[in-house]
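> Kindly return the folded structure for what I paste below:
(chains A, B, C and D)
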There are 4 protein chains.
Amino acid sequence: MNLFGRLLTLVEPNYPDWFIREQDPERLIFFSDAVFAIAITLLVIDIGVPEVPATQPNAMLAEELLALLPQFVSFGLSFLAIGTFWLTHHRLFTYIESCSRRLLSLNLLFLLFVSLVPFSSALLGRYSGRRLVVIWYACHMAIAGMMLLGIWYYTTEIKDLVQPAIDTRAVQYIGRRVGAVPMVFIVSIGISFLSIRLAEASWLLLIPIHPLISLSGFDHPRRERQ
Amino acid sequence: MNLFGRLLTLVEPNYPDWFIREQDPERLIFFSDAVFAIAITLLVIDIGVPEVPATQPNAMLAEELLALLPQFVSFGLSFLAIGTFWLTHHRLFTYIESCSRRLLSLNLLFLLFVSLVPFSSALLGRYSGRRLVVIWYACHMAIAGMMLLGIWYYTTEIKDLVQPAIDTRAVQYIGRRVGAVPMVFIVSIGISFLSIRLAEASWLLLIPIHPLISLSGFDHPRRERQ
Amino acid sequence: MNLFGRLLTLVEPNYPDWFIREQDPERLIFFSDAVFAIAITLLVIDIGVPEVPATQPNAMLAEELLALLPQFVSFGLSFLAIGTFWLTHHRLFTYIESCSRRLLSLNLLFLLFVSLVPFSSALLGRYSGRRLVVIWYACHMAIAGMMLLGIWYYTTEIKDLVQPAIDTRAVQYIGRRVGAVPMVFIVSIGISFLSIRLAEASWLLLIPIHPLISLSGFDHPRRERQ
Amino acid sequence: MNLFGRLLTLVEPNYPDWFIREQDPERLIFFSDAVFAIAITLLVIDIGVPEVPATQPNAMLAEELLALLPQFVSFGLSFLAIGTFWLTHHRLFTYIESCSRRLLSLNLLFLLFVSLVPFSSALLGRYSGRRLVVIWYACHMAIAGMMLLGIWYYTTEIKDLVQPAIDTRAVQYIGRRVGAVPMVFIVSIGISFLSIRLAEASWLLLIPIHPLISLSGFDHPRRERQ
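I've put the predicted structure just below:
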């Protein structure tokens, strides 16, 4: 158990027998889903309806709608990011069977970053061509993705909260899938120094990334679980 | 399996035995319901409270409230549209028993259009008399409706994710019910070139459409399922 | 079965055997709860944070906060109203066991009025002293309450969707409890012609109304259920 | 049973046999979770995207983002507060097994304060250096925390709605955990007269408070349950 593991189990007291109870993660899942759903639906609020006087022709309204394109792109990208986080969370919690208070707190910390997405998304829609904003957005998503990886690490390596029957190869493989998402965003920070547009475009890798990992990854289980 | 079917199963890798798992669509349903509920409740935000100085009589306030009529009509129509999508989704997922990752993604894509409804609804409330906006709204709803049809097609024809006991006639009949909703919106685009108001009024067909299909459709099962 | 009942069952086709299915109202309950929760939480959006320059003393900020009192009162009243609707809905659906498509539609119509509460609440907060607004608010809540009564009537008298073991006295007694809520609002419309403030105050009757009905009502079951 | 207990059971009628029913708190939990999730996700709305003209350099945008720091701090603190309430609520309802109408009402009152958090959070973000606002915020959170303590008291002491097997020491210990949260806020009101910043910083005690109580509290069960 390395430093990160030690940190996670710090000040965890020895609970007496009458207190410890294995908990079903059902309510954690429910609460997370609600936060995901609200964050993903609040994204639309940033796309304001354009104001065109009644005397102006349709052509001008069409132009104004086209001018909303950066907002729609930002909406789409953030929908994709939250959607990917949700799919990953969904995947992890088909394996996680029980729930400690530490896991609840870790998950809350992850949700803090999910609930902040509408802000970063609005920032990206307003200033999509600026490197500063692209890096901000990529860092935000990379941190959120790393939190999910931390949850997977905590539930499989630190505490044994997953199904006993889970295969070592599945643990590793899922870890790679979870880690691929923040990796895309971290790499895009580097790309942003070459081209800002290319960095934004690279986020679309989230769409094929999981099937790609599946295609490449199944034949090379790297180590057995101890 | 036609082109659409091929597209849907593209790059679907052969998962090894230790990975495949049938999943319960419960969490998908839950998440979808939350998005439906938030989108339908956010519609009200677009109806702003009128500003009338305290010295003005009630008559002026009443006038201002009447001036909100287009917003209320747009609210009502979008409530009807999302409500119809919810009822249809509800219907489909009483038959769908298991859940693949592809289905999760398809459903997310459908929810993207649901979560955008508050924008199109606000647009319609602000510019209800313009053909451009009526066509935008009709296209938006038609696409969302087609996504549901795609989900039904995917779960019954491409993958067998529905209950084994489901009758072929039920599959066809439900398909017709699902398809009727985008059909109403597609036809209304044509109507909008005759009369914009008539196109908007035609959307009210969503209210009786399902009972009408039931009355007409039960006696003519067209083909047996292979 | 009277006119209202006939209307409710109009154009209900004879579904073939392969189509009819008793449905669990679980998803209806879930969706309703989400709409209740969102509507009740959106109420807070109407209470805007006051703007006081940094150079002004605390006393001025305190004054501005006090000036928000009508908004807080309106928030509290609307919270009470939605809370009462939720409690009533909760009560009804402990008895309702199965679910028809008609019931889904009726429930959606009820939720339309629930989702509109934030608008009427903001209106009341902005114009609390005006009779027009008090009547608007009372009508809105009375209609929503009547919808719940309609749901109870539909599930017990038109269709038999409640638990078979339910006592006739319970059906009547719950009907009176459900009906008491819109009654309070209807009576308050009359009161508003005497005093607007008294009409608003009368809505606080929602707090003790259910215990009061319980105290008065248990000894007089009026008729047996046929 | 003291005064508070008497007050809580006042005007609770003797329900006849055909009416009383033990209820599962599932729907209460669900509704509460939805309110928690919405309140916690609405916090982000108060962080407005800064407006910087397109001609200005990135440095100015960075400055504007830094100027949002008080809003982010307020967001973080309110996320922590609602998160702590959620964890506590979660803990209580692993023990609470059944549900009375009174409990539903108490819980609704608690949720009223939860749903108001976005307002107080925005107030704190806008006026973080003012004692008036710090006291307002601390009072708000203290009241919400006391409501949770009231729920625990009601379900364990007034009515027996918890699991029969629950240990007396667990009842007391959980009571101390629940009570610690409002205690932090009450003490911070005193601290605010020494230093406003210190009072705000003291709220961070919410993070380690529960493990600290666990470390100190397990060996001294103070009294046996009667």
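> make it CA atoms for all contacts and neighbour counts henceforth
Fine.
> Can you pull the residues of chain A lying near chain C?
Counting by CA under 8 Å from any CA of the partner chain, no position of chain A is adjacent to chain C.
> how close does the residue positioned nearest the centre of chain A sit to residue A:181?
The centre of chain A sits closest to residue A:85, judged by CA atoms, centre = their mean, with a distance of 3.5 Å. Residue A:85 sits 8 Å away from residue A:181, taking CA to CA, to the nearest Å as the criterion.
> Could you name every residue contacting both of the two?
residue A:145 (CA atoms under 8 Å, 6 or more residues apart in numbering or on different chains).
> and the longest helix along chain A, what does it pack onto?
Longest helix of chain A, by residue count under DSSP state H: helix A:69-95. Here helix A:69-95 is seen to pack against helix A:26-42, helix A:117-126, helix A:131-153, helix A:206-217, helix B:101-115 when contacts are counted using 3 or more CA pairs under 8 Å, 6 or more residues apart in numbering or on different chains; DSSP states H and E.
> Is the following helix or strand past the third one in proximity to chain B?
Read that as helix A:131-153. Downstream of helix A:131-153, the next assigned helix or strand under DSSP states H and E is helix A:168-191. Yes. Interface with chain B: helix A:168-191 contributes residue A:170 (CA under 8 Å from any CA).
> Give the other helices and strands that helix A:168-191 contacts.
Using 3+ CA pairs under 8 Å, 6+ apart, helix A:168-191 sits against helix A:131-153, helix A:196-202, helix A:206-217.
> Could you check how many residues crowd around residue A:63?
11 (other CA atoms under 10 Å in any protein chain shown).
> tell me the contacts of residue A:198?
A:191-192.
> Let's see that with 7 Å instead.
residue A:191 (CA atoms under 7 Å, 6 or more residues apart in numbering or on different chains).
> swap in the one 4 residues further on?
If a contact means CA under 7 Å, 6+ apart, then residue A:202 has residue A:188 as its contacts.
> Now for chain A, the helix or strand with the poorest mean pLDDT.
helix A:3-9 (a mean of 62; mean pLDDT, DSSP states H and E).
> and residue A:167, how many neighbours?
14.
> Excluding sequence neighbours, find me the nearest residue to the residue in chain A positioned nearest to chain C.
Nearest to chain C, among the residues of chain A, is residue A:34, at 9.0 Å (CA to the nearest CA). Closest residue to residue A:34 apart from its sequence neighbours, by CA to CA, 6 or more residues apart in numbering or on different chains: residue D:37 at 5.9 Å.
> Roughly how far does the one you found sit from residue D:206?
19 Å.
> more neighbours, these two?
More neighbours surround residue D:37 than the other of residue D:37 and residue D:206, with 30 against 18 (other CA under 10 Å).
> So that one is in contact with residue A:29, correct?
No. Look at residue D:37 against residue A:29 with CA atoms under 7 Å: they stay out of range, at 11.8 Å.
> Alongside chain B, which residues does chain A contribute?
In this structure, chain A approaches chain B at residues A:33-34, A:37-38, A:41, A:44, A:49, A:58, A:83, A:167, A:170, A:211, A:214-215, judged by CA under 7 Å from any CA of the partner chain.
> what's the farthest-apart pair in those residues?
With distance counted by CA to CA, no two of the residues of chain A next to chain B lie farther apart than A:58 and A:167, which are 60.0 Å apart.
> Export the helices and strands packed on helix A:168-191 as JSON lines, with columns for distance to residue C:66.
JSON lines is the format used below for the helices and strands packed on helix A:168-191 (distance: least, CA to CA, whole Å):
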{"stretch": "helix A:131-153", "distance to residue C:66": "39"}
{"stretch": "helix A:196-202", "distance to residue C:66": "47"}
{"stretch": "helix A:206-217", "distance to residue C:66": "50"}
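> I am finished for the moment; much appreciated.
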